[in-house]
Every structure is written in structure tokens, then in C-alpha cells.
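Chemist: the following block contains a protein sequence and its predicted model.
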Amino acid sequence: MTERGVHFGRVIGIIAIYDSGLSAYGSGLVTFSGDKVSSKMVRKAVDVALKKAGREGEVPSFAIVHSTPGFEETLIRSIDDVFQTPIPIVGASAADNGIKRQWSIFNEDKSTNNGFAIQLLFPSKSLASGFSAGYSPTSLTGIVTKASERELLEIDSKPAQDVYREWICEQAGTTVPEHLKFEFVTQFPLGRIAGTLYGQPYYKLSHPVDVNPDGGIHLFTNIEVGDQVTLMSGDKRELMTRPARVIKEAKRQSNSSVEMSGAVCIICAGAMKYLGDDINEVYQIIKQEMGDTPFICPFTFGEQGRFINGENGHGNLMISSVTFYSS
């Protein structure tokens, strides 16, 4: 999606940034070998980006992060470790149309279907970011008692599949398809509290992907024993208006004396599929907020951003944004 509409099929979207003065930008990309990623690999990409920007040894104002799915939490921790502080990020996990691992990322140097790219920004003007879930918590919660990376095995010492199906049946009064149909479970992700604001919790979300024969559920995020998970429910109207509200909140954070010149807004592909044709109304709502200001919005299999408490995080079915300003 861009300010010119929603584009399906074989398309490419490009956003250009024109900056001057003391600004600097640089990107780096690394390919992972196998299913493991190390801080050393992340540092390599960061070092390349800093060198291109001519800012070696400095801490950027912002980072745009793209990765193939499976490594996001490790990447965020590694980026924080490299700079010794959680710099603000906006991030997106690559996606394909059939969850067949036919995803890829690229920069000006190369492309990969198993890796990580980072763009470091030293802009001459301030940036503002937002990161939010468009789902509401239900009263159905439990404690993770068995898990392995992105596989949720037990909730309250019961098979995770059984608990998840029972929760949806209780909440929505409907039977869950045997193999967790992607579009269906998008309405009911699992949430974990990421922090509180004025005494109210806010959540990061995990999207169930499929089931395994042992009663477990595969997710698009890591999960750990001891985590408290809550069944979340997504109202379509809430999901449709949330992207514009996230952008509006980011704008509210900025100095009123500057003018918004562009934005990146990342929306989950699962939410896009759930909304169906209503995604065109999402565009109209964002357009009302943005006017003719350029923006770009990919639909992804994971979103990374900075929560209001300053912590960077990874989630599914989230909305992450950054807005750019000029004098």
C-alpha cells in the first residue's frame, strides 16, 4: 500500500528519502547459515551500514530492520547489545503468499532468502515511531508450562491445541478447523503483556501458524515457559482504524513546528487477509490522516517496533510505523 492505493500482484514499492546537512544513511545485509544467528553476524551487518553512512562508532537515531522469519527476537537483542541501548526501530519480517518459505530480502548489495538487513538512519530532522496491537484481551488466560522456541506445547499443563480450541469455542461459540486455518485463527491470536500505560496493559501478539501431532501449536514468535498468554479477539472495525491511529499517535509525539514529510507503516499480512476487501477502506482511513504525504506500507509475517516503554519487541498482527519530518 502507498499513498496511491493498494497494489496486488507482481509489484514493487519504493520510498525515497531526500535529506541534507549532517544526515547520513547506510545499509548492511548478512545471509545466515542454517537456522542459527549470532551477535557476530548482526554486528557485521551493522558495521557495514555504519561504514556506508560514514558514522563508524556512532549510535544512529533510528533503524529500519528487515529479516526472514525465525530470528527476530535474537536480532533485536543483538542490535540492542551492539549499541548498548535500545535504539528505536521499525521492522518487518518477509512474507510469501502460501507460508512456503518463498520469502526474501535485499539491499543494494545482494539478496537472500535466509538473512537480515538493516538500514541505519542519521537524519537531519526528528523521527517519531509507534508500535501497537489492534486486538482486545479476553478473560481467557493461562501459563505456558511447556514450550520450545516457536512451538507452544502446553498451557496450564494441558496440550496447547486443546486449550486454544476450548478458548475459541468459549469466546466465539464456534469450532476451530482441525488444522488451524490461517485466516480463521488470525481473529484469535495469543497475547502477552508487554507493559502498562496508566495502569492498563498493552500486548504483543503471537499468530498460530499450524499444529503438530503432539498437541502443540507453531507460532510466528518465540514463546517461553512461564509466559502468561491471553486469548485476544480482533474486531474488524478496530483493526481497520488502528493503522491511522498509530500514525496519528506518532505525529502527536513530534514537535508541532515541523511538518510530516513521509511515513513507513507496517501491517501484518494475516490482518490484511482477515480484512479482505476492507483493506481498501483501511487505505482510505490512512489517506485521510496522511493527505498527499508519501507513505509506504508492506504486509508482513512479523512486525518489530518500539513499545511506549522504550523497549524494542517483535510480534505478529501488529502495526509498526515511523514518520519523517521537515522544517
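Modeler: Yep, it's here.
Chemist: could you use CA atoms for every contact and neighbour count after this?
Modeler: Will do.
Chemist: for burial, what's the neighbour tally of the closest residue to residue 69 other than its chain neighbours?
Modeler: The shortest distance from residue 69 to any non-neighbouring residue, by C-alpha to C-alpha, 6 or more residues apart in numbering, is to residue 93 (5.6 Å). Applying other C-alpha atoms under 10 Å, we find 29 residues neighbouring residue 93.
Chemist: quick one: residues contacting residue 93.
Modeler: 66-69, 72, 300-303 (C-alpha atoms under 8 Å, 6 or more residues apart in numbering).
Chemist: what about these, which are in strands?
Modeler: 66-67, 300, 303 (DSSP state E).
Chemist: including distance to residue 160, pLDDT and neighbour count, could these go into a markdown table?
Modeler: Shown next, in a markdown table, are those (distance: C-alpha to C-alpha, whole Å; pLDDT from 0 to 100; neighbours: other C-alpha atoms under 10 Å):
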| residue | distance to residue 160 | pLDDT | neighbour count |
| --- | --- | --- | --- |
| 66 | 30 | 94 | 26 |
| 67 | 28 | 94 | 28 |
| 300 | 25 | 93 | 24 |
| 303 | 24 | 94 | 30 |
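Chemist: quick check, nearest of these to residue 224?
Modeler: residue 303 (19.0 Å; C-alpha to C-alpha).
Chemist: could you say which helix or strand holds the closest residue to the closest one other than its chain neighbours?
Modeler: Using C-alpha to C-alpha, 6+ apart and skipping the chain neighbours, the partner closest in space to residue 303 is residue 92 (4.8 Å). For residue 92, the host element (DSSP states H and E) is strand 89-93.
Chemist: next secondary structure after that strand?
Modeler: Next in sequence after strand 89-93, counting helices and strands by DSSP H and E, comes strand 105-106.
Chemist: okay, now the sheet partners of that following strand, with direction.
Modeler: Applying DSSP bridges, strand 105-106 is found paired with strand 111-112 (antiparallel).
Chemist: off-centre distance for the partner strand?
Modeler: In terms of C-alpha atoms, centre = their mean, to the nearest Å, the centre of strand 111-112 is set 20 Å apart from its chain centre.
Chemist: what of stretch 224-239?
Modeler: Relative to the chain's own centre, stretch 224-239 is displaced by 15 Å; criterion: C-alpha atoms, centre = their mean.
Chemist: for that stretch, which positions count as buried?
Modeler: For stretch 224-239, burial by neighbour count (16 or more other C-alpha atoms under 10 Å) applies to 224-225, 227-234, 236, 239.
Chemist: so residue 223, which of the three states?
Modeler: Following DSSP: H, G, I helix; E, B strand; the rest coil, we place residue 223 in the coil state.
Chemist: how close does it sit to residue 208?
Modeler: 11 Å (C-alpha to C-alpha, to the nearest Å).
Chemist: low-confidence stretches in the stretch 51-200 of the chain?
Modeler: The stretch 51-200 of the chain contains residues with pLDDT under 70 at 182-183.
Chemist: mind listing the strands for the stretch 151-300 of the chain?
Modeler: 151-155, 158-159, 190-197, 200-206, 208-211, 217-219, 228-233, 259-268, 295-296, 299-300 (DSSP state E, counting those that start in this stretch).
Chemist: how about these, which one is nearest residue 25?
Modeler: Of all the strands of the stretch 151-300 of the chain, strand 259-268 comes closest under C-alpha to C-alpha, at 15.9 Å.
Chemist: hmm, back to that, can you put the strands of the stretch 151-300 of the chain in CSV and add distance to residue 85?
Modeler: Output for the strands of the stretch 151-300 of the chain, formatted as CSV (distance: least, C-alpha to C-alpha, whole Å):
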stretch, distance to residue 85
strand 151-155, 29
strand 158-159, 38
strand 190-197, 18
strand 200-206, 21
strand 208-211, 31
strand 217-219, 28
strand 228-233, 27
strand 259-268, 23
strand 295-296, 27
strand 299-300, 26
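Chemist: do you know which of the ones you listed lies nearest residue 282?
Modeler: Closest among the strands of the stretch 151-300 of the chain, using C-alpha to C-alpha: strand 259-268, at 10.6 Å.
Chemist: would you mark the buried spots in that closest one?
Modeler: Buried residues in strand 259-268, counted by 16+ other C-alpha under 10 Å: 260-268.
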